[in-house]
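**Q** what's the 3D shape of this:
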Amino acid sequence: MAQYYVYMLTNRSGTLYVGVTNNLKRRVYQHKHGVIKGFTSKYGINRLVYYESTTDVRSAITREKGIKGCRRSKKVALIESFNRNWKDLATGWFRITPTEPPGGDRAQDTRDKRRDSSLRSE
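**A** Below you'll find the model as predicted:
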């Protein structure tokens, strides 16, 4: 059964990013290595501080939109209820100099990018 993840990333300045994906490890790799140009690569947002999973894609998208619509204080409270010290939850997931994203599905990477772009415009 497929898994879908709603996740939050941050940078050293505390800027938050909320996203949704069907492959958390691959997506975090993309953020950490600036594979997809955009907001997260521009601002160095690459530390995974929160995630939750579901088997229902509609629930994941609805949850992502709900979190995005929350005030920052609610997002911070959600992160701290899960990860009190804001540790990078992806520490140790990747080799220091990885050569290809986990999962290696470049077609899926393109689909993720298109979906992420369409969600931002809604």
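**Q** which stretches of this structure have low pLDDT?
**A** Counting by pLDDT under 70, the chain has low-confidence residues at 96-122.
**Q** change it to 80
**A** Residue ranges of the chain with pLDDT under 80: 95-122.
**Q** ok, now which ones touch residue 84?
**A** With contacts defined as CB atoms under 8 Å, 6 or more residues apart in numbering, residue 84 has no neighbours. Every residue, glycine included, has its C-beta placed from N, CA and C.
**Q** Look up how far residue 78 lies from it.
**A** Distance from residue 84 to residue 78, counting by CB to CB, to the nearest Å: 12 Å.
**Q** Over to residue 64?
**A** Using CB to CB, residue 64 is found at 12 Å from residue 78.
**Q** neighbour-wise, which of these two wins?
**A** Neighbour count, other CB atoms under 10 Å: between residue 64 and residue 78, residue 64 has more, with 21 against 17.
**Q** can you pull out the helices in the protein?
**A** Under the criterion DSSP state H, the chain carries helices at the ranges 24-32, 39-43, 57-69, 72-82, 106-120.
**Q** And the third one, what's buried?
**A** By neighbour count, and taking 16 or more other CB atoms under 10 Å as the criterion, the buried residues in helix 57-69 are 60-61, 63-64, 67-68.
**Q** which residues are in contact with it?
**A** 2, 4-6, 8, 18-20, 22, 52, 54, 75, 78, 119, 122.
**Q** farthest-separated two in those?
**A** Across the contacts of helix 57-69, the longest distance by CB to CB is 25.8 Å; it joins 2 and 75.
**Q** of the two, who's got more company?
**A** More crowded of residue 2 and residue 75, by other CB under 10 Å: residue 75, with 18 against 9.
**Q** How about the contacts made by the more buried one?
**A** Taking CB under 8 Å, 6+ apart, we find residue 75 in contact with 8, 16, 18, 67.
**Q** Tell me how far the last one lies from residue 93.
**A** In this case it means residue 67. 22 Å.
**Q** again, but for the second one
**A** Relative to residue 93, residue 16 is positioned 20 Å away (CB to CB).
**Q** Same check on the third one?
**A** With distances taken as CB to CB, residue 18 is found 20 Å from residue 93.
**Q** For those two, indicate the residue with more neighbours.
**A** Higher neighbour count among residue 18 and residue 93: residue 18, with 20 against 15, using other CB under 10 Å.
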